[in-house]
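Student: got a sequence here, can you build the structure:
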Amino acid sequence: MRNNLIQALFNAGANDQSLPPYLLRRVRSTNVTTLGMIFFVTLPFIIISLIYMPPLAIIPLVGAFTCIGAIAANFLGGFRYSRLFVSILPVWEATLYNAMLCNPGDAPVSSIYLFSISMMLAPFVMFDLKEKGFLIVSLLLSSLCIFMFPLLCDWFTVDYDAELVQSYVKLLETGWLNYVTVCSAVVTAIGFMLGLAIINRNAERESEAMRQETEMQKEQLQQEKVQREQDMQQLQQAQVLEKKRQWTNEGLTNLSDILRGNFQEQEMFDSILSMMVKNLRANQGGLYVVDNDEDDSQVRIGLKSCYAYGRKKFMEKQFAPGEGLLGQAYLEEEAIHMTELPQDYTTITSGLGEATPSALLIVPLKVNDTVEGMLEMASFNKFEAHELEFIHKAGESIAAYIQNNRVNTQTKVLLEKAHEQTAQLREQEEEMRQNMEELSATQEEMRRKEQEYQRIIQELQSAATEM
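Tutor: Numbering: from 1, shown residues only. Below is the predicted model:
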């Protein structure tokens, strides 16, 4: 309980965390100094004054109550001006106490004068250097009090026995009170200096703690900045991936719309290749379809559609498996992506001239592990990963169309052959029917002639018999 009370008195007015740290330190040091003045200065001088010079006891008594009032003022938030009052109070009380013991023109009592000088260190403990205004005012008022000592001697006198006053003064100058007062002054000065050193040490510790905290906050902010940058990069990457995904989906949707269209075979191939070239920002393209003989003994890869190819390339309409890069890609069933092309492989021609492309892509069009065609693309721009993924996905759809188209074509051919065979069978049946009718007529004629011959024979036999 007692410790809690002392702690509360030490921290009166110093619990407001909204105040600057230096101000909280000075308010706390003011409370400690004020309590020290009450117990180690005013109370001893009240007792000594009551014993040797009762009229002077009022001065330390007023000082004690003033110190108590200053602590209360700090508790209520009036610490700025209460500290100013407390900082000059000891000097004024000691000087006034000294003046009331001296006659006008007398030198001050040295021990009390030394005590007054030591109390001038109080402002340095109670005010920070950031509070220069209060510190300067406090020092000026304390110095003014010291210099006003002769005037105070004229203004204030003690109506008391002169011999007792002289004996008390002698006791303060040469007696045991001299040693006590001088020791109190020295101890007070040392205490103020130690207090100032402690305040500075605490300030340094707090500054170091604040520096470390600032460094930690700076490091944390740096980490948060790095994290935000990483999050931003991830967000940007996610946005880029989403854009690429949307681009791929839009391309596949456009291809599906074309494949569902009602086009002739050549028009369909041209539309597919044109869409692929434009969607990939390529400059040349070719669409090849695998053609098999009826007995599958001869496989040829035929050019069905081209985009911006020159005459020489367009004339090369047929490739055998293993022939050139396209034939090799067919055999291996793997895409070929080249970024360094031979000078004589192909060129992209415009009205301003011709140049070798920067990238070449040959992709087998596979469905159900069967290569149905080949797609060849050339561009001045290198193909990115999402574009390659799009080409492979689109290749499956194109291959499925080629396969379905081949099946439909074969089915159509078989149906036409079946119709032709049916017509031939009908013609043969009609011819056989006609032949059967002619054969029946011939047989009927033969039976009629046979009957006629039999009748003639019978008539001849009858004539012969009659003869």
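Student: quick one: least confident helix or strand in this protein?
Tutor: Lowest by mean pLDDT, DSSP states H and E among the helices and strands of the chain is helix 311-315, with a mean of 46.
Student: what's the following helix or strand after it?
Tutor: The helix or strand immediately downstream of helix 311-315 is strand 318-319, counting by DSSP states H and E.
Student: so for the host helix or strand of Q237, mean pLDDT?
Tutor: If you go by DSSP H and E, Q237 is part of helix 176-259. For helix 176-259, the mean per-residue pLDDT is 84.
Student: show me what contacts P364?
Tutor: If you count contacts by C-beta atoms under 8 Å, 6 or more residues apart in numbering, P364 has them with 329-330, 333-335, 371, 373-374, 395. Every C-beta, even on glycine, is put in place using the N, C-alpha and C of the backbone.
Student: that one: which element?
Tutor: strand 359-367.
Student: do S397 as well
Tutor: With DSSP H and E as criterion, S397 is part of helix 385-466.
Student: by contact count, what packs against that helix?
Tutor: Under the contact criterion of 3 or more C-beta pairs under 8 Å, 6 or more residues apart in numbering; DSSP states H and E, helix 385-466 touches helix 176-259, helix 265-279, strand 284-292, strand 359-367, strand 370-379.
Student: so what's the gap between it and the chain middle?
Tutor: Counting by C-alpha atoms, centre = their mean, to the nearest Å, helix 385-466 is centred 81 Å from the centre of its parent chain.
Student: try stretch 362-376
Tutor: On C-alpha atoms, centre = their mean, the centre of stretch 362-376 falls 43 Å from that of its chain.
Student: mind checking the end-to-end distance for it?
Tutor: Start and end residues of stretch 362-376 are separated by 4 Å (C-alpha to C-alpha, to the nearest Å).
Student: could I get the average pLDDT for that stretch?
Tutor: For stretch 362-376, mean pLDDT is 85.
Student: then stretch 79-87?
Tutor: Rounded mean pLDDT across stretch 79-87 is 80.
Student: give me the distance from that stretch to the chain's centre.
Tutor: 51 Å.
Student: got the contact list for that stretch?
Tutor: In contact with stretch 79-87 (C-beta under 8 Å, 6+ apart) are residues 13, 23, 26-27, 30, 33-34, 37, 66-67, 69-70, 73-74, 122-123, 126-127, 134, 137-138, 142.
Student: can you rerun that using 7 Å?
Tutor: Applying C-beta atoms under 7 Å, 6 or more residues apart in numbering, the external contacts of stretch 79-87 come out as 13, 27, 30, 34, 67, 70, 73-74, 122-123, 126-127, 134, 137-138.
Student: so of those residues, which ones are in helices?
Tutor: Members of the contacts of stretch 79-87 lying in helices (criterion: DSSP state H): 27, 30, 34, 67, 70, 73-74, 122-123, 126, 134, 137-138.
Student: farthest pair in the residues you listed?
Tutor: Longest distance between any two of these is 19.5 Å, between C67 and V137; criterion C-beta to C-beta.
Student: pick out whichever of those two has more residues nearby.
Tutor: For C67 and V137, the more surrounded residue by other C-beta atoms under 10 Å is C67, and the numbers stand at 25 against 16.
Student: quick one, what contacts that one?
Tutor: 34, 37-38, 42, 86.
Student: need the max-distance pair from those residues.
Tutor: Longest span within these, C-beta to C-beta: T42 and V86, 11.9 Å.
Student: if I look at V169, how far off is F147?
Tutor: Separation of V169 from F147 (C-beta to C-beta, to the nearest Å): 22 Å.
Student: between the two, which one's more packed in?
Tutor: Legend: neighbour count by other C-beta under 10 Å for V169 and F147, higher for V169 (21 against 9).
Student: and the more buried one, which helix or strand is it part of?
Tutor: Taking DSSP H and E as the criterion, V169 maps to helix 162-174.
Student: output the contacting helices and strands for that helix.
Tutor: In terms of contacts (3 or more C-beta pairs under 7 Å, 6 or more residues apart in numbering; DSSP states H and E), helix 162-174 is packed against helix 79-101, helix 110-119, helix 176-259.
Student: which one of these lies closest to P60?
Tutor: helix 79-101 (6.8 Å).
Student: before we move on, the earlier item: what's the closest of the helices and strands packed on helix 162-174 to L303?
Tutor: helix 176-259 (19.2 Å).
Student: and stretch 197-213, what's buried?
Tutor: Buried residues in stretch 197-213, counted by 16 or more other C-beta atoms under 10 Å: I199.
Student: keeping just the C-alphas, turn it into CSV.
Tutor: C-alpha atoms of stretch 197-213 as CSV (Å, rounded to 0.1, in the frame of the first residue of the first chain):
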residue,chain,number,x,y,z
ALA,A,197,22.5,12.2,-15.0
ILE,A,198,19.8,9.6,-14.4
ILE,A,199,17.4,11.6,-16.5
ASN,A,200,19.9,11.7,-19.3
ARG,A,201,20.7,8.0,-19.0
ASN,A,202,17.0,7.2,-19.1
ALA,A,203,16.6,9.5,-22.0
GLU,A,204,19.4,7.8,-23.8
ARG,A,205,17.9,4.4,-23.0
GLU,A,206,14.5,5.6,-24.3
SER,A,207,16.2,7.1,-27.3
GLU,A,208,18.0,3.8,-28.0
ALA,A,209,14.8,1.9,-27.4
MET,A,210,13.0,4.3,-29.8
ARG,A,211,15.8,4.0,-32.3
GLN,A,212,15.6,0.2,-32.1
GLU,A,213,11.9,0.4,-32.4
